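Asks: Any chance you can model this:
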Amino acid sequence: MNGYPEDGARPASFSQSLNAVIAFCQAVAKPAEALLRRLGTPGEMYLGGAHSAIGLIGMMVFITLADGPYARLPYGGIATTVVAVALIAHRLERFKNERSNRFTHSLSSGRSWIPGPDALVQGFIEPALAIGAGIFMKEISVGSGNYLVIAGIALAINANWQNMGRHARARATRDAYMEQMALRNGFSGKG
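Replies: Residues are numbered from 1 along each chain as shown. Below you'll find the predicted structure:
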């Protein structure tokens, strides 16, 4: 026996499991981020791909199923329409910016409508607002309220994951510079 299940599949590593959780959080957070970010500021890979579509469909299905057939209003459809319009508006604004030679990093999460440092606003204030709105919204629409609470948690996880990625890229850039300087000094006889 090799310690693996009988079908021969290997168990997922921790990093694979973590990536799956992060991908889920990114998809859940996208509809909320479409409303929370200034138009045209998110990058094309951040707010324009499959995660946005999966998040939009997931939001509609979750809200509709949680509210059930006796909801006073079709909150799932209303929320989906509002977010879809926001996603289209982001795309149009990004195209307008690119025609004017103003580009955004493709993985940028964008600038919030709320002023303040990105780490604080996107990592704490926006998630807290989403959770608070979700608690309030549960009285009107259980599905919308529950979705906003889950989206708030996903926003916090996603923002902190983005910060870790930014710090890792900065660290890698700094390390590459230090290696270049060491090589230059080694070849020039200064090392």
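Asks: What does the pLDDT read for residue 10?
Replies: Residue 10 is assigned 61 on the pLDDT scale.
Asks: If we go by neighbour counts, what in stretch 115-133 is buried?
Replies: 118, 121-123, 125-127, 129-131, 133 (16 or more other C-beta atoms under 10 Å). Where C-beta positions appear, they are placed from N, C-alpha and C, glycine not excepted.
Asks: Dump those residues to a markdown table, plus pLDDT, secondary structure and distance to residue 79.
Replies: A markdown table is the format used below for those (pLDDT from 0 to 100; DSSP: H, G, I helix; E, B strand; the rest coil; distance: C-beta to C-beta, whole Å):
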| residue | pLDDT | secondary structure | distance to residue 79 |
| --- | --- | --- | --- |
| 118 | 85 | helix | 25 |
| 121 | 92 | helix | 22 |
| 122 | 90 | helix | 21 |
| 123 | 91 | helix | 24 |
| 125 | 95 | helix | 21 |
| 126 | 94 | helix | 17 |
| 127 | 95 | helix | 18 |
| 129 | 95 | helix | 16 |
| 130 | 94 | helix | 13 |
| 131 | 96 | helix | 16 |
| 133 | 94 | helix | 12 |
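Asks: Now render those as a markdown table, adding distance to residue 89.
Replies: Converted to a markdown table, the buried residues of stretch 115-133 look like this (distance: C-beta to C-beta, whole Å):
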| residue | distance to residue 89 |
| --- | --- |
| 118 | 21 |
| 121 | 20 |
| 122 | 20 |
| 123 | 24 |
| 125 | 22 |
| 126 | 19 |
| 127 | 23 |
| 129 | 20 |
| 130 | 20 |
| 131 | 25 |
| 133 | 21 |
